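>>> Sequence plus predicted model, see below.
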Amino acid sequence: MTEQYVDGFLLAIPSAKLDAYRAMASRAGDIWKEYGALDYRECVADDLNADPQFASFTQAARAGENDVVIFAWIVYPSKAERDRINAAVMADPRLNPEECKDVVDMARMAWGGFRTLVQA
């Protein structure tokens, strides 16, 4: 069985732009799923750990007091499928890179690809 592959994202956006982000992410999720992604999630922080013995999502995302933290992931059947799907998504004219720049400061977004270690 081929292991699933996951792209993960952590970012901060201004609270005032959350509705615009939700609309943009909803359209993007539909497109990713259309091309074969198994799951697409965009989550807004609700209960961030303030215990100083742990690292902070707020700090990791470089979120300011007027920002919200977004934790997101996309699941693919395999790394090869992820590469194919992402190429198709990036070429899709329905995605608007300018809209993204208006909502997301890419310098404050961390992302990467992850092999599945455990799937329960």
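Received, thanks.

>>> Every contact and neighbour count from this point should use C-alpha atoms.
Fine.

>>> report the longest helix in the protein, please.
Across the chain, the longest stretch assigned as helix under DSSP state H is helix 18-34.

>>> Give the buried residues for that one.
18, 21, 24-25, 28-29, 31-33 (16 or more other Cα atoms under 10 Å).

>>> tell me the two of these that are most distant?
Comparing all pairs in the buried residues of helix 18-34 by Cα to Cα, the longest separation belongs to 18 and 33, at 21.8 Å.

>>> Looking at the buried residues of helix 18-34, which is nearest residue 59?
Of those, the one sitting nearest to residue 59 (Cα to Cα) turns out to be residue 18, at 18.9 Å.

>>> Not counting sequence-adjacent ones, nearest residue to that closest one?
Closest residue to residue 18 apart from its sequence neighbours, by Cα to Cα, 6 or more residues apart in numbering: residue 68 at 7.9 Å.

>>> again with residue 73
residue 8 (4.4 Å).
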